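A.B. asks: got a structure for you, letters missing:
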């Protein structure tokens, strides 16, 4: 079975990751690429300033880039991936959904909407059920699923694994890579020999998205998890890989060994891009892990890493890490696309 | 009045900062420099691989470096600054104290000893009273005062200022500069495009030292502050300046404006190296401050900066920053030295 | 004597350096600041995203920024400094010159024009004589003097000093800081863990500007120096300070000692912003100098540093360094402004 | 056919690259690992602080590390790879050669010896004939072949390709990655926001090794190429990949197009680790390539990249790049090992 896919916003940093991840994908075949007006009509090679350190796949390089408009995308396309800037996405995504497209979107608009599933396949695949609600509400033939923000994805699998011990509160501080802001998002003058606190908008995304992801869906309505989540988000001079220091209050006071066991045993999912093991756990013999450069590429960038699990008076502290433009962005959308196929939405 | 001072461990990264800070000091005059065996007998210029970006003061460059031994230090020296590695300091410092020297030490040994004052002059100058206890206990004529670890100093002034609102708990995550590990402490291969979590030993220092600094001294005994302090300590690719993201639980639920007011109004101290204002507070119009490169040099590196003060369900979150080798190390010791003079211990 | 000055393009990276350098200047007093249309009407504090690590001088922060148009600049202004983008400068600078303003410009347009002096005060102050030619040619009452590109300024003083040995050929490779491209010129994604060769346009600037600077002016016409100059220009992940590796063919085969002597003895000039010694020379005992971070701030960023002078079969090789946004940009224009005053053009 | 190999100095940065490259090698099978006294007796996992971002191959992790002594290496081993520090190698390598081992060494000692082949398989495979001379001279049963320094390897293939146009002179400046100095060779305090010129010893290596590599061997004696080679070597803040700016004087004045053609057409060699095309050439449409991070991994890090080919009055200038710890070190030795097998020396 082959699913023809299109990529909206194909020339940007996340768009390039989509192309890298979809090259040789067992199910998906790229059939359409769109970008902004000034790229339309060029070949992808001309339109994209390619910055991934593997060459552009040859058959992609010669595709003509279209405008980001339903009229420019072939009807043969069954699934759209979107990595548009959220301001653009807010306008354009609905036009595709009205036309009946199924879309797995990385853009931040509408993530917290009551009728839009915000999904990590290993964590809350049942939230896809919201698509029925969405179709009822909006009169769409299509379906829209969102993946969370890169900083949220890095942490939420660890919270899901520890929730069995009674998750009450989370204080998380991020050390985020520059690629999270897009190719031109952080200038070199800003970040060399520096760090930038309080990344705009990021903290509230982590605080709300994580509670939606951990929430429960009763078939009709979604309830947010009632843990308190506080986030401080900082940019540091790394290219890829968000490192996060997490303090969790847990009602049941697990030992570090019990917590490590729960993290390592958290079930994966059987989808092509999913890692065999969702969470890699470093033991006490490697206290200085995970590290962005050494660990971001585990399982092709799709695995979460955890280390430094240590008891606190209120629960535990630990560090976690994920590749922000793979597991945290393009890979997250691809995995949601695979789930949509698996669950029969396409 | 001029006080002759000596620097123990004068050739290292913190030692070089001592020399920079004591050049043209209104009270202190450098009269002795010591280092390890292989530096002894050389001029300071020969012995030190000078790495500060202002030249070695000419009158210092020609001083002959002595061994770190009381026999090698002139009796004219009234005050010693120590930036020895803690393993060396643990052996050598007592020898000087038995000889009657007064010492302001940056080394980490003995910081948590019951009879050793751990002091930030603006925060707990009264703890110097422990010197009497120390003399009784140890039979020393001299006096030993310690300053806390660089990561601790960055945060504690903000906690002291907020304690009026009922400080219950602190979850702090640090983004620490490489200079905190000494000149060769972090290799370039380790840290370029990377971050390193769980810095060895650093987290427990922050957790215990901060409670001692905020504790109360009744003239005979010191009681630790009873707040819970949890720390995660990370190294990032910045040269100088520790940035810290702090979550505090406060019983009295101050508004951000009240908190900013308390931080900005926290009293300074009238000593030569102290900044006029201890804490600089950034408002809501500059949410992305403080930043290490832009803010570490405020008030010659002696001021603490705070920004991003935001309410949480339990209290507040904010970011704070200090220059780790000035306010957090050499400058901290110099300030303690000035306090020792002011209070008549020398 | 006080000269009222204006800064065209005052909000950019070089514009901010102008303000830093002119604060407390003995002759110049800032009387006008201009920027693009969207900044006009705001105070300087509002218009500039201030990125220098000393605060904005208070009396400057409240100046209202004007449009970059003669109509918006007071007639009291005697001298203009320009750090406009060259495409803007090419249109706007002539308008000011027609109005009779004297201008010291850092913008790259017109640097190679036959009737525009391209000047480093210590090297070719006599080239200011071209102003008479310029006035004749163009019918201007004003006067336009340019300073060379930052990468050119770093090298040319060393070539001028060595020209007494018969300069035949130069092969120079630069390692340039990111600030040379302006505040947003190099993204962090481009340069972290990377270097970028063949900086657009930079190589030909070095190859032509250096020969003009070293050329001779007979009172009517300028002759270029006839040395062959070949340049390769690379961007590296440093903030400030261009390091350059130079190979020079010299007819007279000086020894390294003779070359070092000629470099160190090259005369400075008696102007407020000029360093006492133009070129600082490192000897064989410090072969790994100059280094950008350690040496860019010598003499407030106005001194050139040279090291590693070594014989080759054809002449010499050595490394040189200057602060690219001070000596190489804003400071260069200020120094030219001081020369214009000294020589009576204002 | 399988050849049992040993790695001398297996725990260092280059040693780890050997292990990465020999994992799943079609001919070579790791049978012995040696390191310093304090590692001997440990498993490789315990002895090495593994820093490559792919996990240690499981079958290697459990090998017991031996001392670097012939007595500790099994007689089944047919070929040794050496990445010992040169001071250690100078003592230890002869002991193995006397025992009859064939050795492909990356260590810098003896590279310029008259009877030691210094070889890049695509450039001068015939120099292996020196092994006969070596055996006669030294009475060894074994054979020692060296690969050049990483900075030399990056440039020499381009010189070999251009030699058909009459290579007269080379002025080369390097921008070298920190991994070239070994894992702890460059501290983060030295290199963040900085560059270091005049790397000790590196310049003379480039100047002499390149002339030996390009020299001719008449079956008895080696003649150095008579071009003049001048090198300036700089360290910059990149992890891997040496970028070099080269100026070449060529007697025949080829056009850039002719030069690019000669570079691209330079023949590869049919060995397992050799790239299909030795030199990748970027055209005028990509003037800002090669770049270390984007191009160091071409052909598994074994390809040389060239770009920015531009005429000069004396010949050409261009930029070239190679992965310094793969093509420039471990991969170079492995390729020489493959050549030794192919040519029947093992």
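C.D. replies: Happy to help now that I have it. Remember, predicted model here, so these are calculated numbers, not experimental data.
A.B. asks: mind checking the SS state of residue A:308?
C.D. replies: Reducing the assignment at residue A:308 to three states with DSSP: H, G, I helix; E, B strand; the rest coil gives strand.
A.B. asks: Give me the spatial nearest neighbour of it, chain neighbours excluded.
C.D. replies: With CB to CB, 6 or more residues apart in numbering or on different chains as the criterion, residue A:308 has its nearest non-adjacent residue at 4.2 Å, and that residue is residue B:198. Yep, even glycine has a C-beta here, placed from its N, CA and C like the rest.
A.B. asks: okay but the one you found is in contact with residue B:235, surely?
C.D. replies: No - applying CB atoms under 8 Å as the test, residue B:198 and residue B:235 come out as separate, 9.4 Å apart.
A.B. asks: out of the two, which sits in the busier spot?
C.D. replies: Higher neighbour count among residue B:198 and residue B:235: residue B:235, with 28 against 23, using other CB atoms under 10 Å in any protein chain shown.
A.B. asks: measure that one to residue B:195 for me?
C.D. replies: 7 Å (CB to CB, to the nearest Å).
A.B. asks: what residues go with each domain of chain A?
C.D. replies: By the assignment in automatic domain parsing, chain A contains the domains A:3-149+A:329-342, A:150-323.
A.B. asks: Relative to residue C:222, which of these is closest?
C.D. replies: Ranking the domains of chain A by proximity to residue C:222 (CB to CB) places domain A:150-323 first, at 35.9 Å.
A.B. asks: what distance separates the start and the end of that closest one?
C.D. replies: For domain A:150-323, the first-to-last residue distance is 8 Å (CA to CA, to the nearest Å).
A.B. asks: Go ahead and measure how far that domain is from the middle of the chain.
C.D. replies: 12 Å (CA atoms, centre = their mean, to the nearest Å).
A.B. asks: What's the mean pLDDT across that domain?
C.D. replies: Taken as a whole, domain A:150-323 has a mean pLDDT of 97.
A.B. asks: For chain A, which residues are neighbours of chain C?
C.D. replies: A:13, A:51, A:178-179, A:183-193, A:237-239 (CB under 8 Å from any CB of the partner chain).
A.B. asks: Helices - which of those land there?
C.D. replies: A:13, A:188, A:189, A:190, A:191 (DSSP state H).
A.B. asks: which ones are touching the fourth one?
C.D. replies: With contact set as CB atoms under 8 Å, 6 or more residues apart in numbering or on different chains, residue A:190 has these partners: A:196, C:188.
A.B. asks: Tell me how far it lies from residue B:154.
C.D. replies: Separation of residue A:190 from residue B:154 (CB to CB): 22 Å.
A.B. asks: check contacts around residue A:127.
C.D. replies: A:117, A:118, A:119, A:217, A:222.
A.B. asks: can you list contacts of the helix or strand harbouring residue A:94?
C.D. replies: Residue A:94 belongs to helix A:86-98 when assigned by DSSP states H and E. Outside helix A:86-98, the residues that touch it by CB under 8 Å, 6+ apart are A:8-9, A:68-70, A:73, A:80, A:82, A:84, A:103, A:105, A:107-110, A:138, A:140-144.
A.B. asks: List the buried residues for stretch A:214-229?
C.D. replies: Neighbour-count burial for stretch A:214-229 flags A:214, A:215, A:217, A:222, A:225, A:227, A:228, A:229 (criterion: 16 or more other CB atoms under 10 Å in any protein chain shown).
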